[in-house]
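Student: following is a predicted model, sequence given first.
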Amino acid sequence: MGSLSLRNVHKSFGSVEVLTDINLEVEEGEFVIFVGPSGCGKSTLLRIIAGLEDASSGDVLIGDSRVNTLPPSDRGIAMVFQTYALYPHLTVRKNMSLGLKQAKKSPEYIEERVGIAADMLELTPYLDRRPAELSGGQRQRVAIGRAIVRNPKLFLFDEPLSNLDAALRVNTRLEIANLHRELQSTIVYVTHDQVEAMTLADKIVVLQAGRVEQVGSPMDLYNDPDNLFVAGFIGSPAMNFLDAKLFDLPAEVKTIGLRPESISLADTGKITGKVSHLEHLGADTNVYVKVREHLITVRIPGQTDYEIGSTVQLDFKPDDLFRFDKDDKRVR
């Protein structure tokens, strides 16, 4: 069973509380991503699941077993770290098989498991090379292969793509998605990159300051955020926020949000501003418009041009407004 349950998990370092009352259910076969800004507690939570940190209180269950007191080796997990953590003097084959040798598995079993993982990750031609002879993306695949050969109940990934350049991040992200489909395994994955979260996850857990802000599918969080933090964190470019006084809205509404793609530049509009910057991205153009003290991002499909400093009108549909109260909670 590769399910995971976190029940009332707290973690403190001395007087500093880094995780507060974490409750979460991960179903077998789900791809769940913990996302949030640096220092939000996502990596600490992953380390508690792995057994590399102890929870101050609460329970961790993998399958039907409470694993709080079990060492990492007995939890049925395999972890892929941000750093590849490969032995430079060992070949790819030996790096991938080392854990199985230490577990005293038979040579036949080891050969079979390494062969399966190497085929899956297109590493077969590199099995006799050492890490220094591989690219960064290939080394990360070896680290992933080392986890696969163990046939774990639960895969844990701690920001595995952060050391790769942009092109390799995209390729490796696709490989991880394909891997999940092939293995139908349970994956818990930590990243600060919400694009990774949106493109990989079945379910996203958004954390801030050690607390769970919201749990849901990528599009649930995008279309129906519970609060201002989630609304601003999920989506790229980020949601625009404006003082509700600019609009004729009920007094309980203090802030309104608008997605950049929900705004258009029109001959007549609801807001007037001045163009301050353009980002030409080829398929899209991001137009930055100064409206009083606010800098609004407008995402326009295709290629367009505006003179810096020119006055423009911003228009949008009332249904595209997200409303938030004085406590940053969503007003629905």
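Tutor: Yep, that arrived.

Student: and the least confident helix or strand in the chain by mean pLDDT, what other elements does it pack with?
Tutor: Across the helices and strands of the chain, the lowest-confidence element by mean pLDDT, DSSP states H and E is helix 166-183, at a mean of 85. For helix 166-183, the packing partners by 3 or more Cβ pairs under 8 Å, 6 or more residues apart in numbering; DSSP states H and E come out as helix 136-148, strand 186-191, helix 194-200. Bear in mind the C-beta positions are built from the backbone N, C-alpha and C, glycine included.

Student: so the chain: which segments form each domain?
Tutor: The record's domain parsing of the chain by automatic domain parsing lists 4-230, 237-331.

Student: circling back: determine which stretch of the helices and strands packed on helix 166-183 is the most buried.
Tutor: Stretch with highest mean neighbour count among the helices and strands packed on helix 166-183: strand 186-191 (a mean of 25; mean count of other Cβ atoms under 10 Å).

Student: quick one: that one to helix 166-183, angle?
Tutor: 160 degrees (axes from the mean of the first three to the mean of the last three Cα atoms, to 10 degrees).

Student: which strands and helices sit next to strand 186-191?
Tutor: strand 31-35, helix 42-50, strand 154-158, helix 166-183, helix 194-200.

Student: redo these as a markdown table? Include distance to Gln208.
Tutor: Output for these, formatted as a markdown table (distance: least, Cβ to Cβ, whole Å):
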| stretch | distance to Gln208 |
| --- | --- |
| strand 31-35 | 10 |
| helix 42-50 | 10 |
| strand 154-158 | 19 |
| helix 166-183 | 24 |
| helix 194-200 | 13 |
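
Student: what is the burial count for Ala55?
Tutor: By other Cβ atoms under 10 Å, 21 other residues sit near Ala55.

Student: related to what we said a few turns ago, of the helices and strands packed on strand 186-191, which approaches Asn8 most closely?
Tutor: helix 42-50 (12.4 Å; Cβ to Cβ).

Student: most packed of the domains of the chain?
Tutor: domain 4-230 (a mean of 18).

Student: first-to-last residue distance for that domain?
Tutor: 24 Å (Cα to Cα, to the nearest Å).

Student: next one: it to chain centre, how far?
Tutor: 11 Å (Cα atoms, centre = their mean, to the nearest Å).

Student: this structure: helices as residue ranges?
Tutor: 42-50, 92-102, 107-120, 136-148, 166-183, 194-200, 218-223, 228-233 (DSSP state H).

Student: select from those helices the stretch with the lowest mean pLDDT.
Tutor: Mean pLDDT values for the helices of the chain show the minimum at helix 166-183, a mean of 85.

Student: using PDB, write out every CA atom in that one.
Tutor: C-alpha atoms of helix 166-183 as PDB (Å, rounded to 0.1, in the frame of the first residue of the first chain):
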ATOM      1  CA  ALA A 166      15.700  25.600 -18.000                       C
ATOM      2  CA  ALA A 167      15.700  23.200 -21.000                       C
ATOM      3  CA  LEU A 168      16.800  20.200 -18.800                       C
ATOM      4  CA  ARG A 169      14.100  21.100 -16.300                       C
ATOM      5  CA  VAL A 170      11.400  20.800 -18.900                       C
ATOM      6  CA  ASN A 171      12.700  17.500 -20.300                       C
ATOM      7  CA  THR A 172      13.200  15.900 -16.800                       C
ATOM      8  CA  ARG A 173       9.800  17.100 -15.800                       C
ATOM      9  CA  LEU A 174       8.300  15.200 -18.700                       C
ATOM     10  CA  GLU A 175      10.300  12.100 -17.800                       C
ATOM     11  CA  ILE A 176       9.100  12.200 -14.200                       C
ATOM     12  CA  ALA A 177       5.500  12.600 -15.500                       C
ATOM     13  CA  ASN A 178       6.000   9.600 -17.800                       C
ATOM     14  CA  LEU A 179       7.600   7.600 -14.900                       C
ATOM     15  CA  HIS A 180       4.600   8.200 -12.700                       C
ATOM     16  CA  ARG A 181       2.200   7.000 -15.500                       C
ATOM     17  CA  GLU A 182       4.400   3.900 -16.100                       C
ATOM     18  CA  LEU A 183       4.900   2.900 -12.400                       C
END
